[in-house]
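A.B. asks: please find the sequence and the predicted model below.
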Amino acid sequence: MLRRIISTILVAMMALCLYAQPAGEVTTGEAEVTQVRVAALKGPTAMGLVQLMDRSEAGPVGGSSYEFSLVASPTEMTPRIVRGEVDIAALPANLASVIYNNTDGAVQVLAVNTLGVLYIVEHGDSVHSLADLAGRTIYASGKGSTPEYSLDYILKEAGLADQVKVEWKSEHAECVAALVNDSDGVALLPQPFVTTAMMQDDSIRVAIDLNDAWDEVSPDSSLITGVIVARRQFVEANRDAVDAFLADYALSTAFANDDTQAAAALVGKYGIVPEAVALRALPECNIVCITGNELENDLSAYLEVLYNANPASVGGTLPGEDFYY
């Protein structure tokens, strides 16, 4: 984790250097501005964007004019990317691979933006290890996405696949409601919904961090929740704008990690989650900006684990090298 934090800081420092170019290099006349449409899921994948969203309200940032939109579920995101309605999107890691395979490589992944944010939470104090889940029902949402495939893999590797029932809900908020109303309930939740549940009922506790559970069964890879992708056509036509976005995003993620109070205020401002929830949840959201060789190494290892467990989870085959920007 420390390695990834240092990597994010270094990327942010490089971004600062980018914005510190001598004024003499600015050409005279009106500069051309690239329109960049960015979409993100409400949750950690959007939280790292809030400083950039705030900066863009004053006008173009560098040479780009950003237009942001937030969606509630991955099923809303996919058709928008396929139809070319967004240029850059923050979405679940496995979904990026699925879209790549289903569109003949029409997307490229630019960065890992969120590491593991999934937790097993419960009422009471009965779950302290994966073995304690035997015979239990877990409320969960995110079927067909990172939560399902990560949980399935962990349970299978722990020898619990046939001993745990998973009751799938359509949204994380439904899981929170089910957990709050079940005095013996167990749920798989991502941040910031973990914090939301704990604020609604102080008898709810984090039982298992899925990052730790993943490391236990797959020590050679890391649990990855979200990535940032771009349409290949947009990348090829606007490479400078893509590089500028990555620099802007690196600054924004550093802000989210370094100034929790200010970032939480912006998260609340943009309706991602309430400010009070964001203030408690942000330190647990594992927001990063991992690019380049580290991106390819980490993401390819994670996708390979998912593929070996269930090829459908990544779209039937592992993406080629051209998947990675």
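C.D. replies: Received, thanks.
A.B. asks: helices of the stretch 1-150 of the chain, residue ranges please.
C.D. replies: 2-19, 44-47, 50-56, 74-82, 93-102, 146-157 (DSSP state H, counting those that start in this stretch).
A.B. asks: of the ones you listed, flag the one that's most buried.
C.D. replies: Among the helices of the stretch 1-150 of the chain, helix 44-47 has the highest mean neighbour count (mean count of other C-beta atoms under 10 Å), at a mean of 28. Quick note: C-beta positions are derived from backbone N, CA and C, even for glycine.
A.B. asks: ok, Val38 - contacts?
C.D. replies: Neighbour list for Val38: 49, 66-69, 86-90, 245 [criterion: C-beta atoms under 8 Å, 6 or more residues apart in numbering].
A.B. asks: in strands only, show me those.
C.D. replies: 66-69, 88-90 (DSSP state E).
A.B. asks: of those residues, buried ones?
C.D. replies: Using 16 or more other C-beta atoms under 10 Å as the burial test, the ones in strands among the contacts of Val38 include 66, 68, 88-90 as buried.
A.B. asks: just give me the closest of those to Ala265.
C.D. replies: Nearest to Ala265 out of these is Phe68 (C-beta to C-beta; 16.8 Å).
A.B. asks: what bridges to the closest one?
C.D. replies: Beta-bridge partners of Phe68, counted by DSSP bridges, are Val38.
A.B. asks: OK, contacts around it?
C.D. replies: Counting by C-beta under 8 Å, 6+ apart, Phe68 has contacts 38-40, 49, 53, 56.
A.B. asks: how about Glu296?
C.D. replies: So Glu296 contacts 321, 324 (C-beta under 8 Å, 6+ apart).
A.B. asks: can you list the buried residues in the one helix or strand it maps to?
C.D. replies: Under the criterion of DSSP states H and E, Glu296 resides in helix 292-309. Of all the residues in helix 292-309, those buried under the rule 16+ other C-beta under 10 Å are 294-296, 298-300, 302-303, 305-307, 309.
A.B. asks: that one versus helix 146-157: what angle between them?
C.D. replies: With axes from the mean of the first three to the mean of the last three C-alpha atoms, to 10 degrees applied, the angle from helix 292-309 to helix 146-157 works out at 60 degrees.
A.B. asks: which positions in the longest helix anywhere in the chain come out as buried?
C.D. replies: Ranked by residue count under DSSP state H, the longest helix found in the chain is helix 239-258. Residues of helix 239-258 classed as buried: 241-257 (neighbour count, 16+ other C-beta under 10 Å).
A.B. asks: great, nothing more from me.
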